[in-house]
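Q: Predicted coordinates and the sequence they were generated for:
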Amino acid sequence: SIITFSSVSLLSSSYAKNLPLREKYKSQMIKREMDYDIELVNDSYYSEVLEEYESKGYKAAEDVSIVLTVDDIVDSSEDSIPIEKGIAGLDKPVLVWDEDCEWFEWAFEAPEEGLYQIDVEYYPVPGSGTNIHREIMINGEVQCYEAHNIVFYRLWNDEGKPKINNIGDEVRPRQKEFPRWVTQSIMDSLGFYDEPLLFYFKKGLNTIRLNMLDQPIAISSIHIKSPDKIPSYEEVRKQYEEKAYKNASTTHKFQAESNIIEKNDSTIRLESDSDPATEPISRGNIKLNIIGAGRWDEPNQSITWEFDVEEDGLYQIAMRLNQSYADGMPSYRQIMIDGKVPFAEMKSYGFVYDNKWRMEVLQDEEGEPYLFYLEKGTHTLTMTVKMGPLYEIYQALYKDIIFLSDIISDIYMITGPNPDPNYRYELDK
């Protein structure tokens, strides 16, 4: 699931439609590997849990918003609760959780039974540089397999501009962490799902426990709320018409390697491409003129760009990209504008395989470009790796691998790692 980006363009909506276009954890310390834990895998996948909820008639909670602070912490593995003020300029008490404490538990009253979304406002306090991992338990239980490993991401960017060495090649700048307060929805760490995980709470008293897995964190608040509703493009388009939004008359272009303001993985880096149409052009020397490639293929890796538009209006978004890494399969990215998914079709947008660079306008299955309303000023564009509809295949394969691994373990218990070829073990009995 790899995409290489050269540039991004925001086009006036009247742009020619038929233009030929196109981590168990510590995941940053090692290449992501499947960590086969038989006990954990016996838990149901979130998708299976959702089906169970549906069969029981559980519905999403409506119009509920509950904010938990340090005052709502009711228990922990330690005698005291480490609370500080003034962390990264936030002038209110927050939980500063280092690796000495195993868990903290919050309690709250739910006004109704149902499914809730959980957002956490956190600050990635200094640690080893890897992402922050926690397990989440609701009323003493882990509700699904994915809840065993919730990731809170650190934010990175280049320390400066590329430098030129003595032979004229550009040299990549170092990566530097740029921590800030972040509000993140609880989501699965494998990028299977394009929406936040939903958790079942009964009416009345409930508890949320976070268990330490790796890395320190500061937590300001936990927000229990009704699930976010993302409209379809058709609904958004009707809103455009009702509000009489007009097509923008200007086109804005920025280089994908230059306008990055943050990444949630330090391994995403600038790369060089010698294609003569790539800007800025590489003339014999290494020019770091693209972003992504094989470093942008891990679940939930994201890149955020910043750009400006000169007028209010409806825009198309086009990208010069190369998606030639997935052997004929599409790659999927969640696309957010100003930190929000604008409509449902952007939750997992597929980029088809092609071994050539191409200019692609974001469009529907019929080739009709999507329109995005932007007000004059500064905006952000975030793209995050997702599995799209392929997640069901990955889950099935993963369970099969675990099943086979379990069988092999049982066989080894009888035969040992070096079975005697002349002995009949009668494994079928």
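A: Ah, there it is. Residues are numbered from 1 along each chain as shown.
Q: sec struct for residue 236, please.
A: Classification of residue 236 by DSSP: H, G, I helix; E, B strand; the rest coil places it in helix.
Q: quick one, phi psi at the nearest residue to it once chain neighbours are set aside?
A: Spatial nearest neighbour of residue 236, excluding adjacent residues (C-beta to C-beta, 6 or more residues apart in numbering): residue 343 at 4.6 Å. For glycine as for every other residue, the C-beta is placed from the backbone atoms N, C-alpha and C. Backbone torsions of residue 343, given as degrees, to the nearest 10, read phi -160, psi 160.
Q: Also residue 54?
A: phi -60, psi -40.
Q: burial of it, as a residue count?
A: 11 (other C-beta atoms under 10 Å).
Q: Contact partners for it?
A: Residue 54 makes contact with no residue, according to C-beta atoms under 8 Å, 6 or more residues apart in numbering.
Q: What score does it have for pLDDT?
A: On the pLDDT scale, residue 54 is placed at 95.
Q: cool, residue 273 as well?
A: 89.
Q: ok, the residue nearest to residue 236 - how many residues close by?
A: Around residue 343 there are 21 other residues, counting by other C-beta under 10 Å.
Q: Contact partners for it?
A: Residue 343 makes contacts with 230, 231, 232, 233, 235, 236, 370, as judged by C-beta under 8 Å, 6+ apart.
Q: quick one: secondary structure of residue 399?
A: Recorded secondary structure, residue 399: helix (three-state DSSP).
Q: tally of neighbours for it?
A: Counted with other C-beta under 10 Å, residue 399 comes out at 13.
Q: where exactly do the strands run in the stretch 301-429 of the chain?
A: Remark: strands assigned in the stretch 301-429 of the chain by DSSP state E, counting those that start in this stretch are 302-309, 313-323, 331-337, 349-351, 354-361, 372-374, 377-386.
Q: Okay, now the sheet partners of the last one, with direction.
A: Each strand pairing with strand 377-386, determined using DSSP bridges, is listed with its direction: strand 302-309 (antiparallel), strand 331-337 (antiparallel).
Q: Make JSON lines out of the strands of the stretch 301-429 of the chain and add mean neighbour count.
A: Formatted as JSON lines, these follow (neighbours: other C-beta atoms under 10 Å):
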{"stretch": "strand 302-309", "mean neighbour count": "18"}
{"stretch": "strand 313-323", "mean neighbour count": "23"}
{"stretch": "strand 331-337", "mean neighbour count": "21"}
{"stretch": "strand 349-351", "mean neighbour count": "19"}
{"stretch": "strand 354-361", "mean neighbour count": "15"}
{"stretch": "strand 372-374", "mean neighbour count": "21"}
{"stretch": "strand 377-386", "mean neighbour count": "19"}
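Q: ranking the ones you listed by mean pLDDT, which is last?
A: Here the strands of the stretch 301-429 of the chain differ in mean pLDDT, and the lowest is strand 354-361 at a mean of 91.
Q: which secondary structure elements does that strand contact?
A: Using 3 or more C-beta pairs under 8 Å, 6 or more residues apart in numbering; DSSP states H and E as the contact test, the elements touching strand 354-361 are strand 4-12, strand 313-323.
Q: can you rerun that using 6 Å?
A: strand 313-323 (3 or more C-beta pairs under 6 Å, 6 or more residues apart in numbering; DSSP states H and E).
Q: From the chain's centroid, how far away is the strand it packs on?
A: Distance of strand 313-323 from the chain centroid (C-alpha atoms, centre = their mean, to the nearest Å) equals 21 Å.
Q: Ok, stretch 113-132 next?
A: Mean-position distance between stretch 113-132 and its chain equals 12 Å (C-alpha atoms, centre = their mean).
Q: same question, stretch 303-323
A: 20 Å.
Q: Determine how far the last residue of that stretch lies from the first.
A: Terminal residues of stretch 303-323 are spaced 16 Å apart (C-alpha to C-alpha, to the nearest Å).
Q: circling back to that earlier point, what is the most widely separated pair among the contacts of residue 343?
A: Among those, the pair separated by the greatest distance (C-beta to C-beta) is 230 and 370, at 13.9 Å.
Q: Compare the two (neighbour count), which wins?
A: In this view residue 230 and residue 370 are compared by other C-beta under 10 Å, and residue 370 has more residues nearby, 22 against 17.
Q: could you list every residue that touches residue 64?
A: Going by C-beta atoms under 6 Å, 6 or more residues apart in numbering, residue 64 touches residue 226.
Q: how close does it get to residue 184?
A: To residue 184, residue 64 is 19 Å away according to C-beta to C-beta, to the nearest Å.
Q: next one: residue 217
A: 11 Å.
Q: Find residues that contact each of those two.
A: Overlap of the contact sets of residue 217 and residue 184 (by C-beta under 6 Å, 6+ apart) is empty.
Q: Settle it for me: which of the two has more neighbours?
A: residue 217 (23 against 16).
Q: how about the nearest residue to that one, chain neighbours excluded?
A: Nearest non-adjacent residue to residue 217, counting by C-beta to C-beta, 6+ apart: residue 132, 4.8 Å away.
Q: what number of residues lie near the one you found?
A: 21.
Q: what's across from it in the sheet?
A: Beta-bridge pairing for residue 132 (DSSP bridges): residue 152.
Q: Tell me how many other residues surround residue 160.
A: Counted by other C-beta under 10 Å, the residues lying close to residue 160 total 9.
Q: That one against residue 173, yeah?
A: Yes: counting by C-beta atoms under 6 Å, residue 160 touches residue 173, with 4.9 Å between them.
Q: hey, what's in contact with both of those two?
A: The contact sets of residue 160 and residue 173 do not overlap (C-beta under 6 Å, 6+ apart).
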